[in-house]
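> I would like to see how this sequence folds:
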Amino acid sequence: MTLLKRKIRAFSECRHEWFAHPALRWLAPYLDHPALWAFNRRKVAMGVAVGLYSGVMPGFTQKATALALTLLLRVNLPAAMVVSLYSNPFTVLPLYYLAYRYGRCLLGETGPATMTAPPSLFGLGPMAWLGRMLGWLAELGWPLLVGMPALGLTLGAAGYLATRVVWRWAVISAWKNRKAKCESA
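Numbering: from 1, shown residues only. The predicted structure is shown next:
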């Protein structure tokens, strides 16, 4: 058993201790569904897709989007939450620029793409930071509004396919190794 598989199994076995915490107790009936913790190629691949999709959403909605889609689709919750972490303060600007360009392409806009510089966010409280970020996003308009979910769907589909291919390759490699070991013995 691989290290990753052991860690995920250990994590999913201790989840009941987490659900006993007073802050999480009300979520236990929703999060205790076995499908959310299943470790098979379909559930994990869909969890990766959900994580990649939700990672493109604005920062304050990423985890909520991942959780809602995970509960709705009954896919692997840890995979969705971990994969959504690819979007962070260092990658958000390139991701949003890519989403903006993708949105312009989908909307058929031509001409030079001029993207407004992001506002200075240093030394601001959470609400002021949020207000400035939302104002900047609103200035970017339809291309970003169309590009973010479209990029999320594209990344999610690519992640789903990549996970399925890598999982299949790992299983076939394990079969071949097992077969070679049996033949040599």
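> isn't Phe39 right up against Gly47?
No: with contact defined as CB atoms under 8 Å, Phe39 does not reach Gly47; the gap is 9.8 Å. For glycine as for every other residue, the C-beta is placed from the backbone atoms N, C-alpha and C.
> what about those two, which has more around it?
Taking neighbours as other CB atoms under 10 Å, Phe39 and Gly47 compare with Gly47 leading, 30 against 15.
> report the contact partners of the more buried one.
The contact partners of Gly47, by CB atoms under 8 Å, 6 or more residues apart in numbering, come to 70, 75-80, 83.
> now the helix or strand hosting it - C-alpha only, CSV.
Per DSSP states H and E, Gly47 falls inside helix 41-56. Extracted C-alpha coordinates of helix 41-56, given in CSV (Å, rounded to 0.1, in the frame of the first residue of the first chain):
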residue,chain,number,x,y,z
ARG,A,41,-10.7,6.0,-9.0
ARG,A,42,-14.1,7.4,-9.9
LYS,A,43,-14.7,9.2,-6.6
VAL,A,44,-11.1,10.5,-6.3
ALA,A,45,-11.1,11.6,-10.0
MET,A,46,-14.4,13.5,-9.5
GLY,A,47,-13.0,15.0,-6.3
VAL,A,48,-10.0,16.2,-8.2
ALA,A,49,-12.3,17.7,-10.8
VAL,A,50,-14.4,19.5,-8.2
GLY,A,51,-11.2,20.8,-6.5
LEU,A,52,-9.8,22.2,-9.7
TYR,A,53,-13.2,23.8,-10.6
SER,A,54,-13.6,25.4,-7.2
GLY,A,55,-10.0,26.5,-7.0
VAL,A,56,-10.7,29.1,-9.8
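> want to throw the contacts of Gly47 into TSV with secondary structure?
TSV is the format used below for these (DSSP: H, G, I helix; E, B strand; the rest coil):
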residue	secondary structure
Thr70	helix
Val75	coil
Asn76	coil
Leu77	helix
Pro78	helix
Ala79	helix
Ala80	helix
Val83	helix
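> any of those residues buried? List them.
For those, a neighbour count by 16 or more other CB atoms under 10 Å gives the buried set as 70, 75-80, 83.
> regarding this protein, what is its longest helix?
Ranked by residue count under DSSP state H, the longest helix found in the chain is helix 142-184.
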